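Student: missing the sequence, but the structure's below:
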């Protein structure tokens, strides 16, 4: 999925302008004309120049007949697009829900859903999901003492 | 001498040796699996090494990456898919050899020349790094500012064929690094009131996102596109290697030299070293017409180069704290976490650590011979591990690893955001390596810039007044001018390629 450089260039310019706008509230060093805002402003200016050059390249490409959005071959296969979206959705679910549900149940669900979607047969999928979850939990939580969220299993663990 | 004995004591400890062995096996597996890279192996190892003392932590990274770069040659020869990008330059050549029935010789040459190429890289690292450190001890903020800027400039100049997008990627990395408390005045920037953003974007979760998660996102859409394993039987891989050495040893020397040099230049690592040395080999060969038909000559050059580049990349990383490739970029993060700030003072204060790293490098390269042989023998089993099981497991591992670095969901959020950002960038032709360099070097660049500004009371000319700073500064400006000139020349050519 490749967007025309006009779009990437404009995105860079908008982000840099926002960044520079945010630096306006930064205080200067006492007695100097510059401060913590200087470095981000230099970077912002550089990014705007890059963005402008990209827009120029993009316009030239448009005149040569390049499309706004060039789709990679896999985007024509709905199943592959769904794989990508499912992976991202599962990651988001992990971020939102892991603290309440706990690592072990959410890791099991995470692995099982992905395994089944990607075509692992049911029995190996369940076995690998259970074993991997136990192994990772044992290694990080017991060996390395990382406080993985306990969630629902708090009374048992 | 005392230092050497102390270093040996640190390395030849049962726990350290066990870590080296385990991470070597890990490195071979990751390297041999197409789609998993040596940098990814490093990023995945860091959350584990975080809980170790410095020597085993560095040992794990050194041995895993050395093995991974070699192991990437195995699927290149058997599947025509490079295991890591470092093997991409000669994948077609290797596969053509296998089809001619020379799979054994190809794997043997790859193994042996990877080992001695790696050792050549270490030798130069051992010779150069301490000498450079003695020189670098006199550097002030002006020199470090220029050095960091020159490093970043080089990264774009050599490493990318799209300089404009390379610069944008670099500036983006530097800008992301601005989030958090600023290094000169302690003012919180771009934190939006979040306490967690005040500590900045955590480096390792960002790295796991940019290198591992974005790669896995690509892997998940191409999950069923593996190649068919060659059914050829693997015999004695060492037959004929001696003849290759007798005929092509000058290629080995040239390849290793190019490898170390490219490795030491910031931003370019093993993959670019392999491409360049393969091209050089073809250019100076007496039989260039044989290249591409399964000819061993270019492979000797390139397989030596990619392993020697690993050692070369550690030279600027240890001496100046400027990473030579994306692996050492992560290493620098690890060094800071362990309180061993890279730079010439490490050589004075903790020389035993430096020598321990050297020893581990030698050990890991020697260990590559038996382990690599075992990997070749069991390659069919390794390559049969199904990707639809592997990718979800690694993804879960990334999540837990990122969580472990911050002990909160904040690490996972950073990983996810950076993963998506890295994926979008790669899809649109923005190289990721410059952004990583920006993230690593941002603080050093800004701190030295601000300190120098305050010292000189805002006068820019002071940046050129000290002799070494002046030379570095002028060199940087010259490289900029060259890039600008190249850019202008390119854009005056009608119908410039999309770029």
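Tutor: Received it, and whenever you're ready, just let me know what you need. What you see is a predicted model; the values in this text were computed from it and never measured. Numbering: from 1, shown residues only, chains lettered A, B, ... in the order given.
Student: low-scoring stretches of chain B, by residue?
Tutor: Applying pLDDT under 70 to chain B flags the ranges B:1, B:158-161, B:225-231, B:490-499.
Student: all helices of chain A, in order?
Tutor: A:5-23, A:38-63, A:78-101, A:103-117, A:122-137 (DSSP state H).
Student: The stretch 51-200 of chain B too?
Tutor: Along the stretch 51-200 of chain B, the segments classed as helices by DSSP state H, counting those that start in this stretch run B:54-71, B:73-79, B:91-99, B:103-136, B:141-159, B:163-177, B:195-198.
Student: show me the contacts for the nearest residue to residue B:37 once chain neighbours are set aside.
Tutor: Spatial nearest neighbour of residue B:37, chain neighbours left out: residue B:84 (4.7 Å); criterion: C-beta to C-beta, 6 or more residues apart in numbering or on different chains. No exception for glycine: its C-beta is placed from N, CA and C like everyone else's. Going by C-beta atoms under 8 Å, 6 or more residues apart in numbering or on different chains, residue B:84 touches B:31, B:36, B:37, B:38, B:68, B:69, B:71, B:72, B:270, B:271.
Student: The same query, at a cut-off of 7 Å, please.
Tutor: B:31, B:37, B:38, B:68, B:69, B:72 (C-beta atoms under 7 Å, 6 or more residues apart in numbering or on different chains).
Student: which residues sit in contact with residue B:296?
Tutor: Neighbour list for residue B:296: B:97, B:109, B:244 [criterion: C-beta under 7 Å, 6+ apart].
Student: ok, back up a step: with chain A as the reference, measure out to the residue nearest to residue B:37.
Tutor: For residue B:84, the distance to chain A equals 22 Å [C-beta to the nearest C-beta, to the nearest Å].
Student: how close does that residue sit to residue B:423?
Tutor: In this view, residue B:84 and residue B:423 are 19 Å apart by C-beta to C-beta, to the nearest Å.
Student: Please apply the same query to residue B:433.
Tutor: Where residue B:423 is concerned, residue B:433 sits at a distance of 15 Å (C-beta to C-beta).
Student: Residue B:216 too?
Tutor: Separation of residue B:216 from residue B:423 (C-beta to C-beta): 9 Å.
Student: what's the answer for residue A:157, then?
Tutor: Counting by C-beta to C-beta - residue A:157 and residue B:423 are separated by 35 Å.
Student: Comparing those two, which shows the higher neighbour count?
Tutor: Between residue A:157 and residue B:423, counting by other C-beta atoms under 10 Å in any protein chain shown, residue B:423 is the more crowded of the two (22 against 12).
Student: ok, residues contacting the helix or strand hosting that one?
Tutor: Assigned by DSSP states H and E, residue B:423 falls within helix B:409-427. Outside helix B:409-427, the residues within contact range by C-beta under 7 Å, 6+ apart are A:1-2, A:91, A:94-95, A:98-99, B:169, B:196, B:201-202, B:205-206, B:208-210, B:213-214, B:217, B:398-399, B:402-403, B:405, B:432.
Student: any idea of the angle that helix forms with helix A:5-23?
Tutor: 140 degrees (axes from the mean of the first three to the mean of the last three C-alpha atoms, to 10 degrees).
Student: for chain A, what are the nearby residues on the stretch 251-400 of chain B?
Tutor: B:388, B:389, B:392, B:393, B:396, B:397, B:399, B:400 (C-beta under 7 Å from any C-beta of the partner chain).
Student: Narrow those residues to those in helices?
Tutor: Counted as lying in helices by DSSP H, out of those, are B:388, B:389, B:392, B:393, B:396, B:397, B:399, B:400.
Student: Nearest approach to chain A belongs to which of the helices of the stretch 51-200 of chain B?
Tutor: helix B:163-177 (4.2 Å; C-beta to the nearest C-beta).
Student: Give me the nearest residue to residue 101, chain neighbours excluded.
Tutor: Looking at chain A here, since you left the chain open. Excluding its sequence neighbours, the residue lying closest to residue A:101 (C-beta to C-beta, 6+ apart) is residue A:151, at 4.5 Å.
Student: I was after chain B.
Tutor: Nearest non-adjacent residue to residue B:101, counting by C-beta to C-beta, 6+ apart: residue B:232, 7.4 Å away.
Student: so that neighbour makes contact with residue B:105?
Tutor: No - counting by C-beta atoms under 7 Å, residue B:232 does not reach residue B:105; the two are 11.9 Å apart.
Student: Which one of those two is surrounded by more residues?
Tutor: Set residue B:232 next to residue B:105 and count neighbours by other C-beta under 10 Å: residue B:105 wins out with 22 against 15.
Student: In contact with the more buried one, which residues?
Tutor: So residue B:105 contacts residue B:240 (C-beta under 7 Å, 6+ apart).
Student: contacting residues for residue B:195?
Tutor: Contacts of residue B:195 by C-beta under 7 Å, 6+ apart: none found.
Student: so what's residue B:445 closest to, chain neighbours aside?
Tutor: Distance criterion C-beta to C-beta, 6+ apart; nearest residue to residue B:445, sequence neighbours excluded, is residue B:148 at 4.3 Å.
Student: just residue A:106 next, same as before
Tutor: residue A:98 (5.1 Å).
Student: and that neighbour, what does it touch?
Tutor: Contacts of residue A:98 (C-beta under 7 Å, 6+ apart): A:106, A:149, B:409.
Student: Also residue B:247?
Tutor: Residue B:247 touches nothing, counting by C-beta under 7 Å, 6+ apart.
Student: gap between it and residue B:445?
Tutor: From residue B:247 to residue B:445 the distance is 47 Å (C-beta to C-beta).
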